[in-house]
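Asks: Give me a model of this one.
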Amino acid sequence: MASIYLSKSLWEYKFRKLSYWFSACISYAQLHLSVRLARISQPVVGILLAEHLGDIVAAEPIIAALRIKHPKARIVWIAKGLYQGLLEKHPHIDQVIIENSILASSWICQHSPFTHFYNLHMNELRLDPYFKFSLFNKQAEKIGLTKHNYYERGNLLKGIFDLCDIPYRESLQPKLYLGKEKSWDLPAKYWVIHRKSNGADREWQDKHWIALIDQVIATYDISIVEVGASDGLAIKHPKFISMVGKTSVVEMANIISEAQFFIGIDSGPAHIANAYEIPGLLLLGTYKNFKNHMPFSGSYEQGRAMIYHNPAGSSAGIPFETVWQQLSNLKPIPATQLA
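Replies: Numbers count the residues shown, from 1 in each chain. From the prediction side, this is the model:
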């Protein structure tokens with residue numbers, strides 16, 4: 001039997017791991033040098049929030065708060081390349097740096113070159129794929145903010161402010177500064193739906209989505225545009241348009257920004273809809289150990305959208321009839337359809 005030490009797959013793995021480590025070294029050294037040089041002329045504030053879409057959008061108001069806290073500083077945000085377009089045109093962000101790896105980010109957390117550095121990730125949520133450690137946030141540990149209690153403090157933004165040691169006094173409205181990148185041909189008037197999350201325990205049943213779309217089109221005579229990254233619904237109807245997997249994050253945000261109404265779940269696109277203050281209906285339920293949690297600040301927290309929490313469990317268990325009734329309350333059925 002061949003020795004495991006002669007295994008081709010083992011050596012391929014070792015080579016990938018070494019390449020990963022070497023790439024992280026170069027990335028960290030380049031960032032360290034560039035920040036140190038920038039600090040010669042002014043303080044540099046570093047923000048690490050590399051993912052996810054909803055977290056980045058929800059955290060947007062912290063930028064203005066940090067600008068007030070550090071008025072003369074250069075503000076740098078570290079994010080995955082997928083989300084760079086959400087941040088690079090922000091008037092108070094001077095530079096967006098693409099995150100190379102969790103390994104490089106861990107070195108930044110341990111040996112930060114920034115004048116002031118804010119890691120906005122909670123512990124035990126980001127695992128390095130090769131070295132198997134979790135990205136550590138000493139400030140989160142200091143203030144007792146964990147993945148098990150963060151919604152007990154309030155909305156997502158409240159935890160972000162706590163990590164930056166800034167008092168959170170009011171429900172602040174997140175905003176996006178993207179410009180218009182229109183490369184699609186959609187109807188003048190449409191609603192947007194989003195039904196997939198990075199956690200299946202936040203989703204509603206597909207059979208209900210299909211029934212809801214059919215009934216919305218029949219009742220309101222409106223086009224429905226589905227957005228998302230993958231796993232779109234296979235519905236054949238002239239008033240149903242799937243943009244799933246066909247857009248960048250920025251393009252998807254621009255599609256949402258022009259919608260008349262948004263129907264979705266607790267997900268990144270819902271946070272985008274909140275940033276643009278699109279009226280909507282959101283379907284939530286028990287999430288992990290949280291009941292009646294509030295992900296949003298600003299307009300959605302203040303009632304711009306109807307946020308329905310399933311009192312009996314997860315969002316998957318919300319009956320179709322309940323959702324239709326909630327929608328009918330928000331969008332009264334036209335008199336012509338009541339006959």
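Asks: Low-confidence regions, the stretch 1-150 of the chain specifically.
Replies: 1-6 (pLDDT under 70).
Asks: Based on its surroundings, how many neighbours for residue 72?
Replies: Residue 72 sits with 7 neighbouring residues when counted by other Cβ atoms under 10 Å. C-beta: built from backbone N, CA, C; applies to glycine.
Asks: so how far is residue 89 from it?
Replies: Distance, residue 72 to residue 89, using Cβ to Cβ, to the nearest Å: 22 Å.
Asks: now do residue 329
Replies: From residue 329 to residue 89 the distance is 37 Å (Cβ to Cβ).
Asks: More neighbours: these two, which one.
Replies: Counting neighbours by other Cβ under 10 Å for residue 329 and for residue 89 shows that residue 89 has the greater number, 13 against 10.
Asks: Could you find the closest non-adjacent residue to the more buried one?
Replies: residue 177 (4.7 Å; Cβ to Cβ, 6 or more residues apart in numbering).
Asks: Phi, psi for the one you found please.
Replies: phi -120, psi 90 (degrees, to the nearest 10).
Asks: what sits against it?
Replies: 89, 90, 91 (Cβ atoms under 8 Å, 6 or more residues apart in numbering).
Asks: Residue 95 too?
Replies: 74, 75, 76, 77.
Asks: which one of these is nearest residue 155?
Replies: For those, the residue nearest residue 155 by Cβ to Cβ is residue 77; the value is 20.4 Å.
Asks: Mind listing residues that contact the helix or strand where the closest one lies?
Replies: Per DSSP states H and E, residue 77 falls inside strand 74-79. The contact list for strand 74-79 (Cβ under 8 Å, 6+ apart) reads 35, 38, 42-51, 56, 63, 66-67, 86-87, 92-99, 105, 108, 114.
Asks: can you tell me which of these are in strands?
Replies: 44, 45, 46, 47, 48, 95, 96, 97, 98 (DSSP state E).
Asks: Could I get those in TSV, plus columns for distance to residue 23?
Replies: Output for the ones in strands among the contacts of strand 74-79, formatted as TSV (distance: Cβ to Cβ, whole Å):
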residue	distance to residue 23
44	23
45	25
46	20
47	22
48	18
95	20
96	19
97	15
98	12
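Asks: most surrounded residue in the residues you listed?
Replies: Neighbour-wise, the ones in strands among the contacts of strand 74-79 (other Cβ under 10 Å) top out at residue 47, 26 neighbours.
Asks: Chain neighbours aside, what residue packs nearest to that one?
Replies: Per Cβ to Cβ, 6+ apart, closest to residue 47 is residue 77, 4.6 Å.
Asks: Okay, and the beta partners of that neighbour?
Replies: Using DSSP bridges, the bridge partners assigned to residue 77 are residue 47, residue 96.
Asks: That one: how many residues sit nearby?
Replies: 27.
Asks: Could you report the distance from it to residue 272?
Replies: With Cβ to Cβ as the criterion, residue 77 and residue 272 are 17 Å apart.
Asks: repeat for residue 218
Replies: 27 Å.
Asks: and what of residue 145?
Replies: From residue 145 to residue 272 the distance is 25 Å (Cβ to Cβ).
Asks: Counting neighbours, go ahead and name the busier of those two.
Replies: residue 272 (29 against 21).
Asks: pretty sure the more buried one is touching residue 255, no?
Replies: No: Residue 272 is beyond contact range of residue 255, at 9.4 Å (criterion: Cβ atoms under 8 Å).
Asks: And the nearest residue to residue 166 once chain neighbours are set aside, how far from residue 83?
Replies: Leaving aside its chain neighbours, residue 166 sits nearest to residue 65 (5.1 Å; criterion: Cβ to Cβ, 6+ apart). Computed with Cβ to Cβ, the distance linking residue 65 and residue 83 is 20 Å.
Asks: Look at those two and report which has more neighbours.
Replies: Higher neighbour count among residue 65 and residue 83: residue 83, with 24 against 18, using other Cβ under 10 Å.
Asks: since we're on the closest residue to the more buried one other than its chain neighbours, how many residues are nearby?
Replies: Nearest residue to residue 83, sequence neighbours excluded (Cβ to Cβ, 6+ apart): residue 56, at 5.4 Å. By the criterion of other Cβ under 10 Å, residue 56 has 24 neighbours.
Asks: Only the buried residues of the longest helix seen in the chain, if you could.
Replies: Secondary structure assigned by DSSP state H gives helix 8-38 as the longest helix of the chain. Residues of helix 8-38 classed as buried by neighbour count (16 or more other Cβ atoms under 10 Å): 20, 24, 27, 28, 31, 32, 35, 38.
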